[in-house]
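Participant: Output the structure for:
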Amino acid sequence: MAKSYTINIVNGKGEESVLNDTYAVEGNVTGYDNTSILPNNITVDGTTTTYNFTISAEGTLTLHVTEDGTTTGTPVVGATFNRTDQEGNIYGNVITTDSNGDAVFNNVPFSETGAPIIYYKQIASDGNHNFDNTVKNITLTTQTETIEIENTAPTLQTFNLTDANYEGLTINTGTINLS
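Facilitator: Presented below is the predicted three-dimensional model:
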């Protein structure tokens, strides 16, 4: 019978001296579906020193983007988001808001207690709205959660143009290009 080991994972990595044998693998990660760990068995035979595993979550995080950040606001279509870590490093595919203003992250961890923090960042809007591109976070305590996000329409700005050599003399016609 194979000896049992508990390998503590910190920042995605754990180390343990393990005897050569065949082992059934079980995950124990808060917020994840522990039965989804792959591979679910390994053979340690001394020829490999690194074993890679994946585990999946079943939560859903919806980011609902509107002009006023409310459930009934005008949806912003085409805003884009990424999952990140706390430093803003991007992971996975870009998620884009649909016709309802919803960007949906599937397979995120959740748990009533002790769930890991989910980090995300808006990377663009639809080209007609302002947005906050700082890293945000949430801890899902239920399987499905929705966050309301505001992407405001730009406010009217005034641009004055006067003659540089004659103080107060306004320029009657012309353009200013911002790029």
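
Participant: need the strands for this structure, in chain order.
Facilitator: For the chain, the strands defined by DSSP state E cover 21-24, 33-38, 41-44, 54-56, 59-66, 80-84, 90-96, 102-108, 118-124, 136-138, 144-150.

Participant: Out of these, the one nearest Asn172 is which?
Facilitator: strand 118-124 (37.4 Å; CB to CB). Placement of C-beta: from N, CA and C, glycine included.

Participant: List the contacts of Leu61.
Facilitator: Neighbouring residues of Leu61 by CB atoms under 8 Å, 6 or more residues apart in numbering: Val104, Phe105, Val108, Ile118, Tyr120, Ile138, Leu140, Glu145, Thr146, Ile147.

Participant: cutoff 6 Å now
Facilitator: Going by CB atoms under 6 Å, 6 or more residues apart in numbering, Leu61 touches Phe105, Val108, Glu145.

Participant: Not counting sequence-adjacent ones, nearest residue to the first one?
Facilitator: Leaving out its chain neighbours, the residue that sits closest to Phe105 by CB to CB, 6 or more residues apart in numbering is Leu61, at 4.4 Å.

Participant: Test of understanding: give the bridge partners of the residue nearest the centre of the chain.
Facilitator: By CA atoms, centre = their mean, the chain has its centre lying nearest to Arg83, at 2.0 Å. Going by DSSP bridges, Arg83 is paired in beta bridges with Tyr91, Tyr120.

Participant: No further queries at this time; thank you.
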